[in-house]
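[1] Here's my sequence, what's the structure:
(chains A, B and C)
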Amino acid sequence: MSAHEKPRAPLPAEAMSLPARYYLDEDHYARELERLFLARWFYIGRADEVPNRGDYVLREAADESLIVTRGDDGRVRAFFNVCRHRGTRLCEQPSGTFTGAIRCPYHAWAYDLSGRLLGAPSMDQSPHFRAEDYPLVEARADVWDGHLFLNFAAAPPPLGDQLGALVAKFRPWKMEELRLAHRIVYDVAANWKLVIQNYSECLHCPGVHPALQRLSHFLSGENSAPTDAYLGGSMDLRDGVETLSRDGRLVGACVPGLAGDDLRRVHYYAVLPNLLLSLHPDYMMTHRLRPQGVGRTEIVCEWHFRPEAADAPEFDPQGAVEFWDLTNRQDWHVCEQMQLGLASRAYRPGPYSPREDLLFAFDRLVRGAE
Amino acid sequence: MSAHEKPRAPLPAEAMSLPARYYLDEDHYARELERLFLARWFYIGRADEVPNRGDYVLREAADESLIVTRGDDGRVRAFFNVCRHRGTRLCEQPSGTFTGAIRCPYHAWAYDLSGRLLGAPSMDQSPHFRAEDYPLVEARADVWDGHLFLNFAAAPPPLGDQLGALVAKFRPWKMEELRLAHRIVYDVAANWKLVIQNYSECLHCPGVHPALQRLSHFLSGENSAPTDAYLGGSMDLRDGVETLSRDGRLVGACVPGLAGDDLRRVHYYAVLPNLLLSLHPDYMMTHRLRPQGVGRTEIVCEWHFRPEAADAPEFDPQGAVEFWDLTNRQDWHVCEQMQLGLASRAYRPGPYSPREDLLFAFDRLVRGAE
Amino acid sequence: MSAHEKPRAPLPAEAMSLPARYYLDEDHYARELERLFLARWFYIGRADEVPNRGDYVLREAADESLIVTRGDDGRVRAFFNVCRHRGTRLCEQPSGTFTGAIRCPYHAWAYDLSGRLLGAPSMDQSPHFRAEDYPLVEARADVWDGHLFLNFAAAPPPLGDQLGALVAKFRPWKMEELRLAHRIVYDVAANWKLVIQNYSECLHCPGVHPALQRLSHFLSGENSAPTDAYLGGSMDLRDGVETLSRDGRLVGACVPGLAGDDLRRVHYYAVLPNLLLSLHPDYMMTHRLRPQGVGRTEIVCEWHFRPEAADAPEFDPQGAVEFWDLTNRQDWHVCEQMQLGLASRAYRPGPYSPREDLLFAFDRLVRGAE
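    Residues are numbered from 1 along each chain as shown, chains lettered A, B, ... in the order given. Okay, the predicted model is just below:
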């Protein structure tokens, strides 16, 4: 056993990869999206993307367009981008600021920032019409330490209930204070679950990620007990390595107050269904997964740093960006090769090794939502 | 009430826009195309596109290719573009003249201009074969004042029966004499019914078409009683405006004999299922709608003028073309935004205002054909 | 009757082309592919494409990727390109040589050239795991005179049983010795059966292929009795014509030992389901049909010559290549026009002439597999 190795318990004999339909069947995909994705709190971006009253961004989720905006009361709300008159999209520009009202471009129905219908031309001549019957349709929104989540369920429990232990665990990272430094959007020809499975084991790291393997040994991973809300753990940085970057040196200032092992490790958590949260001593990387179909996923990867680092004139995040961009592309490639192979009549579920224990836990959740 | 306003009666409480399936469901679309479109007389172009014996144009309707040609007897006929031998397309060039026969490029089966099979190589050695069993398959064709219509039903009533009062109403415009001056083909990502609905109300005009609103007030519209065959009415030109054009001045010669209100108005009629007929004092604009799928429509827009105008050396239709090209694009854009919005889970039918009365009538027809 | 004409017996009255669903229906296509194509020996290329131990090529058939490789025992085998661990594609490069093992790029599972699993990282910690349970999944492979065939059935009879009389008939051409001189890949928007039907009659030749008609009269064809395995016959070269080429002169050396009529004819055999084998006095042309969907076929056309011709410094196959490339494109075009016509509501089966007798035989086979 390597000096780096943290052992794992054997898995039961039934620990086999999922049948192919989970990755290929369009109907299965549609049901899964409703039950496992949209009926949970899913990650949609950062709350500071709409810093002021009236600011908005458009976000897409499961073929839906949502207007995410901050109201007069300072609260962030999300509205389906659909006029209550005849259904026209209200908003086209990906971001901006509403001055006054949210106004439909077709017949000028107007709504306030809480979704209330303010005016509807010529409807005053309709005796049956009552404006209060036609507010914008809202999706639930909630925030965790700067991360913005939505939920399409009618009356979901609070986001904090879903996240459980993570809320306290990652408070020392002061995630709300971090600032976006870089974003790369990837288009990956693979089912979204393959991306989560890929993120949840490092058995593939020696062959797929030689640069990562030089900075962090693939057997050094140690997992938390998996829950229905998240899967994750940490991996050690090798001696002398300060963070994951091109040269292993710090890229930004470390999070103030972080101490001990957290300065010699990276924490990797798949916050289900679609946030991959990677906490380094000096930066946070987020992957937001956006399923685009049973075999396609858009992945928005962002690098977030401390404000005191990001504000420094000489600040340059490229050491972290380039390291992970390379690693990301290596991962997407094997995910795509797996998506292709799963479509074969020769595919049948194969056995997980003990180092793929989180995948076995994830698959149980996936099966349970079927 | 504005001085321009022509009032409308309130609509009943059930006057709501159609459920989303009418615009999104592929199967619904296919049925609707058969029942509401192909089993009626639909507009296919102008009879003078095949002026002489043997001239032909290819026309597409509902994934069908049709050969529209003028026979030895001067009649226009339409044949499905399919050889009776093994089914090969007979004709590829979009227009031309048949000299002698319509000949299949594969095995040289030959047909005359009335569709009769003239020759079939090597079939003389087949004792069972009788040429009269294999004429081209015909679609019904009929002409209204220069407008050519087809009908896929086996034995439809004459075109005039479908058109009803329109035949007499528009005789003063002498439409048969008009000449094509310009054509623009648009590809619109919206269901064909959204285009008809958009054409059938001007409640959207102040916001969507400021240039049109300057020449013709959106509340000046007055509709005929809607029928199963057409929806339409007229709108007044503002004082001092002669026609709809870039500068409001006439572009061509007025139709001789037109008088009174018809020189101060534009008539807009949706001749169902697919001709939008817009009669100005000095020109006729036609939109031919060609559904390409549940969410896509090709629109052929043409501007037709009096021969004495079109023949004048200094004639330039651009004043009318540019005005309407701008207006068209504004309309297609909101139709596309509505098509997008209808696909949302948040869409539900919304209330029509009194100024959308023709849409309510159209929707009843659409529902009735379901 | 022309001096060239070889007469044919009349066909029965039911000899009509197939209903449209055989060419248009996606579900029909999928079933047909299984029953008529993959459950037979189908042509996949030439055995000399993997001359040495460890050499491989990737081949695609019916959305499957196959690794075709030569083992330590000299035998050619085909494996589905799917790792037994989690299903990843093993191999991406279209050809190459395995040194040592076939290794999965994701988690490094390794297989020998007979498909046996050699190693699986971390699986030694799984008490249930037995490597012998996870060999690569194999597809049957067999060779006829240099032609390589696969079969997806579990235990098919030998290739020779399927080919029957062809094995002896074409032995004089020493096909195994021939060398590839040129390859052109065509993408044709037509069902694969239309290509076979097109190849199986020359009634279309005078109109479609004037250059071919100048070298070989369309009525000179004489067919073998059709079987379930092949359809074909020969056509005479006109007096003074040596082979089918730009100028009718030989392009390569004639096959040694060929004599008599075989030097004045071309043999055309559709070896079902997907090899079109055209034997000229001095070269072999092969068409490999690769169905890509109900209405699309990729066609790999290759020209193969004697080694003594191919090795000569002045050798140039272009006289044969250009002649057939022109002829091929003429054929694909009428196939595509027929595919378009079949989609019309006006299509109904039409009568075959006596010169389309092989099509009637082929269609019976197609109907029988439904």
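[2] Wasn't residue A:114 part of a strand?
    No - according to DSSP: H, G, I helix; E, B strand; the rest coil, residue A:114 belongs to no strand; its state is coil.
[3] mind listing what the residue in chain A that chain B sits nearest to touches?
    The nearest approach of chain A to chain B comes at residue A:80, 3.3 Å away (CB to the nearest CB). Using the backbone N, CA and C atoms, a C-beta is placed for each residue, glycine as well. Going by CB atoms under 8 Å, 6 or more residues apart in numbering or on different chains, residue A:80 touches A:64-67, A:136-139, B:344-346.
[4] Likewise for residue A:135?
    Residue A:135 sits next to A:84, A:111, A:115-117 when contact means CB under 8 Å, 6+ apart.
[5] Once you drop chain neighbours, what's closest to it?
    Nearest residue to residue A:135, sequence neighbours excluded (CB to CB, 6 or more residues apart in numbering or on different chains): residue A:115, at 4.6 Å.
[6] what do you get for residue A:74?
    Residue A:74 sits nearest to residue A:53 (CB to CB, 6+ apart), 7.2 Å away.
[7] Kindly indicate whether the one you found is helix, strand or coil.
    Per three-state DSSP, residue A:53 ends up coil.
[8] pLDDT of stretch A:289-303, averaged?
    Mean pLDDT, computed over stretch A:289-303, is 98.
[9] residue ranges of the helices in the stretch 1-150 of chain A, please?
    With DSSP state H, counting those that start in this stretch as the criterion, the stretch 1-150 of chain A has helices at A:21-24, A:26-32.
[10] Which strands and helices lie in contact with the first one?
    For helix A:21-24, the helices and strands in contact under the criterion 3 or more CB pairs under 8 Å, 6 or more residues apart in numbering or on different chains; DSSP states H and E are helix A:26-32, helix A:192-199, helix A:318-342.
[11] I'd like those helices laid out as JSON lines, including mean neighbour count.
    Below are those laid out as JSON lines (neighbours: other CB atoms under 10 Å in any protein chain shown):
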{"stretch": "helix A:26-32", "mean neighbour count": "14"}
{"stretch": "helix A:192-199", "mean neighbour count": "24"}
{"stretch": "helix A:318-342", "mean neighbour count": "20"}
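[12] how about those helices in a markdown table, adding distance to residue A:127 and mean pLDDT?
    As requested, the helices and strands packed on helix A:21-24 are exported to a markdown table (distance: least, CB to CB, whole Å; pLDDT from 0 to 100):
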| stretch | distance to residue A:127 | mean pLDDT |
| --- | --- | --- |
| helix A:26-32 | 41 | 97 |
| helix A:192-199 | 49 | 98 |
| helix A:318-342 | 57 | 98 |
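[13] Nearest to residue A:101, out of the ones you listed?
    helix A:26-32 (34.7 Å; CB to CB).
[14] Who are the packing partners of that closest one?
    With contacts taken as 3+ CB pairs under 8 Å, 6+ apart, helix A:26-32 sits against helix A:21-24, strand A:283-293.
[15] Which of those has the highest mean neighbour count?
    Of the helices and strands packed on helix A:26-32, the one with the most neighbours on average (mean count of other CB atoms under 10 Å in any protein chain shown) is strand A:283-293, at a mean of 22.
[16] re earlier: compare the helices and strands packed on helix A:21-24 and give me the one nearest residue B:60.
    Per CB to CB, nearest to residue B:60 of those: helix A:26-32, 29.6 Å.
[17] Could I get the contacting residues of the residue nearest to residue A:74?
    Contacts of residue A:53 by CB under 8 Å, 6+ apart are A:70-72, A:74, A:113.
[18] Since that was my last question, I'll sign off now.
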